[in-house]
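Colleague: 3D model of this:
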Amino acid sequence: MPMRDHVLPALTIIAAACIPGGAAAQIPDTFTNLRVLPDNIARGDLVALMRSFAFGLGVHCNHCHVGENPNDLTGYDFASDDKETKRVARTMLRMRAEINDVWLPSTGRAGLLRVECVTCHHGLARPRTLESELREVLDTDGIDAAIERYRELRERYYGNAAYDFGPGSLNDLTETLTGEGVLDAALAIIRLNLEYYPDEPYPHFLEARVLSASGDPEGALAAMERAAALAPDSEFYRIQLERMRSPSR
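Modeller: Sure thing, here's the model as predicted:
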């Protein structure tokens, strides 16, 4: 049966995925303006679905619905289509249904996991990579703001699936910035990475690259030596270090 919907992520709660006791009684028993979810969907099924939306996006009821207090649904206009987020969410539901009901089965594989909101959103209303998040701040507000944003996100989301706080994210951003010749930002980002991952050789290697491109051969050599020391069995770092020590070779 095709899905037909009236409400969209997130009718009920915040990321905790449980409805506040007082709010549960304020959810309508019948629903109007259904367009994707089934017309006859049971109240309990709808509430459970809204819970999954809220959890997947890390949002409150009023992310998609016309209302103010997520803990008091009195006065909410659930049928209203005024909010752009609700209209977009309908499209996302149709996309999800097509992925699960058409495209995944077309692979011919058995036992496929279904795609859910959380699969892509990971608790973020606006799913994106850590690199893209920081690059936007860097371009609009500068290096210091980007570093501050990283620390804020790490404090809030570390240990969750929202962002990848492993060394690879800042390594990738450093390489992008280096390739664009934005060396001051590249150096700041890779040193931020080294603050959290001092024992990872690749960030030291990238620091060496940035310093070399910035006209600091001594600093570059010291950074490359640290990379090689942290990976004594790596032929790659050994060769890079030899080339840096004897640039004419």
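Colleague: what does the domain assignment say about this structure?
Modeller: 21-121, 130-245 (automatic domain parsing).
Colleague: what sits against Leu221?
Modeller: Residues in contact with Leu221 (CB atoms under 8 Å, 6 or more residues apart in numbering) are Ala208, Met244, Arg245. Glycine gets a C-beta too; all of them are placed from N, C-alpha and C.
Colleague: neighbour-wise, give me the winner out of the residues you listed.
Modeller: Counting neighbours by other CB atoms under 10 Å, the top entry in those is Ala208, with 27 neighbours.
Colleague: didn't that residue look like it was pressed against Pro217?
Modeller: No. If you go by CB atoms under 8 Å, Ala208 and Pro217 don't touch, sitting 9.8 Å apart.
Colleague: thinking again about what came up before, TSV for the domains of the chain, including mean pLDDT?
Modeller: Below are the domains of the chain laid out as TSV (pLDDT from 0 to 100):
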stretch	mean pLDDT
domain 21-121	87
domain 130-245	97
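Colleague: winner for burial among those domains?
Modeller: Counting by mean count of other CB atoms under 10 Å, domain 130-245 has the highest mean neighbour count of the domains of the chain, with a mean of 17.
Colleague: measure that domain end to end?
Modeller: The straight-line separation of the ends of domain 130-245 (CA to CA, to the nearest Å) is 35 Å.
Colleague: what about it, distance to the chain center?
Modeller: Mean-position distance between domain 130-245 and its chain equals 20 Å (CA atoms, centre = their mean, to the nearest Å).
Colleague: equivalent analysis for stretch 51-58, please.
Modeller: Stretch 51-58 sits 14 Å away from the centroid of its parent chain (CA atoms, centre = their mean).
Colleague: with stretch 33-41 instead?
Modeller: On CA atoms, centre = their mean, the centre of stretch 33-41 falls 30 Å from the chain's centre.
Colleague: thinking again about what came up before, for the contacts of Leu221, which one is nearest Phe78?
Modeller: The closest of those to Phe78 turns out to be Ala208 (CB to CB; 57.4 Å).
Colleague: quick one: what helix or strand has the closest one in it?
Modeller: Here Ala208 sits within helix 201-213, counting by DSSP states H and E.
Colleague: just Pro70 next, same as before
Modeller: For Pro70, there is no enclosing helix or strand under DSSP H and E.
Colleague: ok, it touching Tyr76?
Modeller: No. Look at Pro70 against Tyr76 with CB under 8 Å: they stay out of range, at 9.8 Å.
Colleague: overlap in contacts of those two?
Modeller: In contact with both Pro70 and Tyr76: Cys61, Asn62, using CB under 8 Å, 6+ apart.
Colleague: circling back: the helix holding Ala208: what's the following helix or strand?
Modeller: According to DSSP H and E, the helix or strand after helix 201-213 is helix 217-230.
Colleague: hey, C-alpha coordinates of that following helix in PDB?
Modeller: Extracted C-alpha coordinates of helix 217-230, given in PDB (Å, rounded to 0.1, in the frame of the first residue of the first chain):
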ATOM      1  CA  PRO A 217      61.300  23.800   5.100                       C
ATOM      2  CA  GLU A 218      62.600  23.300   8.700                       C
ATOM      3  CA  GLY A 219      59.100  23.100  10.100                       C
ATOM      4  CA  ALA A 220      58.100  20.700   7.300                       C
ATOM      5  CA  LEU A 221      61.100  18.500   8.000                       C
ATOM      6  CA  ALA A 222      60.300  18.300  11.700                       C
ATOM      7  CA  ALA A 223      56.700  17.400  11.000                       C
ATOM      8  CA  MET A 224      57.700  14.700   8.500                       C
ATOM      9  CA  GLU A 225      60.100  13.300  11.100                       C
ATOM     10  CA  ARG A 226      57.300  13.000  13.500                       C
ATOM     11  CA  ALA A 227      55.100  11.200  11.000                       C
ATOM     12  CA  ALA A 228      57.900   8.700  10.200                       C
ATOM     13  CA  ALA A 229      58.600   8.100  13.800                       C
ATOM     14  CA  LEU A 230      55.000   7.300  14.500                       C
END
